[in-house]
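Trainee: Turn this into a structure:
(one chain, ligands or ions: 1)
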Amino acid sequence: MRFSGDALTAAILVCNQAAAFVSRLALQQRTFAVLELHRLAYHPVRAQVAGLGARAAVRAIARVAGAYANRRATKKPAHVFRPYGAVPYDARLMSWNRDARIVSLWTPTGRVTVPYTGRPEDLKAVEALPIGEADLLYRRGVWLLQVAVTLPEPAARKPINGFMGVDQGVANLAVTSDGAVLPGTALPGPVGGNGHVRTLRERRHRQRRRLQRKGTPAARRVLRRLSGREHRMMTDLNHQISKYVVREAERTGRGIALEDLQGIRGRARAHRLQRRTLRSWAFAQQIEFTRYKAARVGVAFELVDPAYTSQACPTCGCVSRANRPARGRFVCTRCGLAGHADHIAARNIAARGVAGWAVVNQPHATGLPSARRDRESKPPASAGGS
Ligand SMILES: [Zn+2]
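Mentor: Down below sits the predicted model:
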């Protein structure tokens with residue numbers, strides 16, 4: 001099979017020219033979100049760059065929006081797209097025939113069909129796994145297509161020692177059903193513990209209030225920077241917390257349970273974790289980080305109903321507001337069980353994780369155990385080439 005390298009060269013030049021044009025336009029008009037940038041740049045870029053088709057134009061705009069996705073990038077000079085830099089191809093710009101090992105790529109002069117080869121393990125991955133985007137580039141006389149594939153996640157193992165519950169809170173970012181308070185001494189890094197985090201936050205809070213009262217453009221700029229810094233600090237902490245939680249659950253053969261914050265929007269009273277935006281953003285982020293880190297290592301993950309997790313007694317089941325005599329403290333009015341309120345909540349969450357897992361994974365709890373073994377021995381679904 002033959003293909004024209006000239007057509008691919010033209011494709012790269014055209015796509016990078018388009019991206020460079022859109023990039024300048026984005027910065028001039030201070031427009032970086034993909035939808036607005038599309039409205040702004042689609043027609044101009046098609047008029048400006050000859051041979052750029054509709055799909056390539058859409059891709060170029062998305063690429064520029066991606067380049068400016070973090071706020072710092074929007075402060076710098078226009079993002080540079082070198083004429084011969086790698087060009088991302090998505091599913092609309094390429095199609096694969098994996099049996100014949102050929103890929104069809106968009107170019108300004110029509111599609112070209114190109115045979116491909118590679119290292120045996122890479123070819124195997126491309127054959128068997130779902131293909132995402134690919135970067136087309138020319139290096140040292142060879143056309144390369146760097147392909148992103150989606151690795152299958154291992155199926156979640158059956159937790160042999162129950163679940164580890166994680167209570168997310170305002171005072172403590174996370175408390176596990178083992179009683180670990182996070183961030184705390186269990187985590188590395190400069191932030192010593194929740195006390196330290198709180199102090200930092202309170203200082204920021206006061207600073208914010210002061211700046212908001214001022215209301216000058218300079219004050220607003222400082223506010224934006226502060227919020228970025230706070231977001232980065234929370235993101236870093238959430239990574240550390242979720243890493244610790246997943247490692248601990250994996251080591252002890254347990255699943256992980258957290259409160260489901262999505263399903264409670266409709267309720268009359270806001271859940272205690274949903275009251276402040278930055279916080280609820282951080283709680284959702286911790287759930288997401290924990291979910292994907294758990295999936296990566298095959299640790300079971302459950303989101304549980306958050307109702308009354310802070311008022312219920314994990315020992316006798318008594319649910320009452322009176323079980324919370326003081327802030328941060330739990331004392332069961334029926335059986336006398338007492339402890340750190342977040343720790344008790346985490347134990348409730350862990351118990352609900354066990355129950356939730358059983359409902360989903362053992363629908364025939366009274367049936368034959370072999371039924372379950374069959375389900376588990378089934379290989380995980382993967383989109384193989386057919
Ligand atoms: Zn009790």
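
Trainee: Does the residue nearest to D178 when sequence neighbours are not counted lie in a helix or a strand, and which?
Mentor: Spatial nearest neighbour of D178, chain neighbours left out: M164 (6.8 Å); criterion: CB to CB, 6 or more residues apart in numbering. In short, each C-beta sits where N, CA and C put it, glycine included. Using DSSP states H and E, M164 sits in strand 163-168.

Trainee: Relative to the whole chain's centre, how far out is whatever helix or strand comes next after that strand?
Mentor: Next along the chain after strand 163-168, taking DSSP H and E as the criterion, comes strand 174-176. Chain-centre distance of strand 174-176: 21 Å, with CA atoms, centre = their mean, to the nearest Å.

Trainee: partner strands of the strand holding M164, parallel or antiparallel?
Mentor: Strands adjacent to strand 163-168 in the sheet, as given by DSSP bridges, are strand 174-176 (antiparallel), strand 255-259 (parallel).

Trainee: Identify the residues contacting the longest one?
Mentor: Contact with strand 255-259 is made by 156, 159, 162-168, 245-246, 249, 273, 286-287, 290, 294, 299-306, 309, 349-350, 352-354, 356-357, as judged by CB atoms under 8 Å, 6 or more residues apart in numbering.

Trainee: ok, of those residues, which come out buried?
Mentor: 156, 159, 162-168, 245-246, 249, 273, 286-287, 290, 294, 299-304, 306, 309, 349-350, 352-354, 356-357 (16 or more other CB atoms under 10 Å).

Trainee: Helices of the chain, residue ranges please.
Mentor: Using DSSP state H, the helices found in the chain span residues 5-29, 34-48, 54-67, 120-128, 194-214, 217-251, 277-296, 341-361, 369-377.

Trainee: Out of those, which is closest to the ion?
Mentor: Of all the helices of the chain, the one in closest proximity to the ion, counting by CB to the ion, is helix 341-361 (9.7 Å).

Trainee: which parts of this structure sit against the ion?
Mentor: Contacts of the chain with the ion, taken as CB under 5 Å from the ion, map to 313, 315-316, 318, 332, 334-335, 337.

Trainee: from those, which is closest to P325?
Mentor: C332 (10.3 Å; CB to CB).

Trainee: Correct me if wrong: A350 contacts N161.
Mentor: No: assessed by CB atoms under 8 Å, A350 is found out of contact with N161, at 10.6 Å.

Trainee: So T333 sits against A322, correct?
Mentor: Yes: applying CB under 8 Å as the test, T333 and A322 come out as touching, 4.9 Å apart.

Trainee: Neighbour count: those two, which is higher?
Mentor: Shown here are T333 and A322; by other CB atoms under 10 Å, T333 has more neighbours (15 against 11).

Trainee: Just want the phi and psi numbers for that one.
Mentor: Dihedral angles of T333 (phi, psi; degrees, to the nearest 10) stand at phi -70, psi -20.

Trainee: sorry, back to before: can you list the helices of the chain in TSV and add mean pLDDT?
Mentor: Converted to TSV, these look like this (pLDDT from 0 to 100):
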stretch	mean pLDDT
helix 5-29	94
helix 34-48	95
helix 54-67	94
helix 120-128	87
helix 194-214	76
helix 217-251	86
helix 277-296	86
helix 341-361	91
helix 369-377	39
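
Trainee: Distance to A134 added to those helices, as JSON lines?
Mentor: Output for those, formatted as JSON lines (distance: least, CB to CB, whole Å):
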{"stretch": "helix 5-29", "distance to A134": "13"}
{"stretch": "helix 34-48", "distance to A134": "20"}
{"stretch": "helix 54-67", "distance to A134": "12"}
{"stretch": "helix 120-128", "distance to A134": "10"}
{"stretch": "helix 194-214", "distance to A134": "42"}
{"stretch": "helix 217-251", "distance to A134": "28"}
{"stretch": "helix 277-296", "distance to A134": "23"}
{"stretch": "helix 341-361", "distance to A134": "36"}
{"stretch": "helix 369-377", "distance to A134": "34"}
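
Trainee: Of all those, which one is nearest R82?
Mentor: helix 5-29 (6.5 Å).

Trainee: Point me to the residue sitting closest to the centre of the protein.
Mentor: Among the residues of the chain, the one closest to the centroid is E288, at 5.6 Å (CA atoms, centre = their mean).

Trainee: can you list the domains in the chain?
Mentor: 5-149, 163-192+230-376 (automatic domain parsing).

Trainee: Just say which of the strands paired with strand 163-168 is most tucked in.
Mentor: strand 255-259 (a mean of 28; mean count of other CB atoms under 10 Å).

Trainee: Report the rounded mean pLDDT for that strand.
Mentor: Across strand 255-259, pLDDT averages out at 96.

Trainee: With just CA atoms, put it into CSV.
Mentor: What follows is strand 255-259, C-alpha atoms only, in CSV (Å, rounded to 0.1, in the frame of the first residue of the first chain):
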residue,chain,number,x,y,z
GLY,A,255,-13.8,-2.0,49.9
ILE,A,256,-14.2,1.7,50.3
ALA,A,257,-17.5,3.5,51.1
LEU,A,258,-18.1,7.3,50.9
GLU,A,259,-21.3,9.3,51.2
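
Trainee: what's the distance between it and the middle of its chain?
Mentor: That offset, for strand 255-259, works out to 17 Å (CA atoms, centre = their mean).

Trainee: ok so, going back, the strand holding M164 versus helix 277-296: what angle between them?
Mentor: 160 degrees (axes from the mean of the first three to the mean of the last three CA atoms, to 10 degrees).

Trainee: C-alpha coordinates for strand 163-168, PDB please?
Mentor: Only the C-alpha atoms of strand 163-168 are listed here, as PDB (Å, rounded to 0.1, in the frame of the first residue of the first chain):
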ATOM      1  CA  PHE A 163     -15.600  -2.000  53.900                       C
ATOM      2  CA  MET A 164     -13.600   1.000  55.100                       C
ATOM      3  CA  GLY A 165     -15.900   4.000  55.600                       C
ATOM      4  CA  VAL A 166     -14.700   7.500  55.000                       C
ATOM      5  CA  ASP A 167     -16.500  10.400  56.500                       C
ATOM      6  CA  GLN A 168     -15.900  13.700  54.800                       C
END
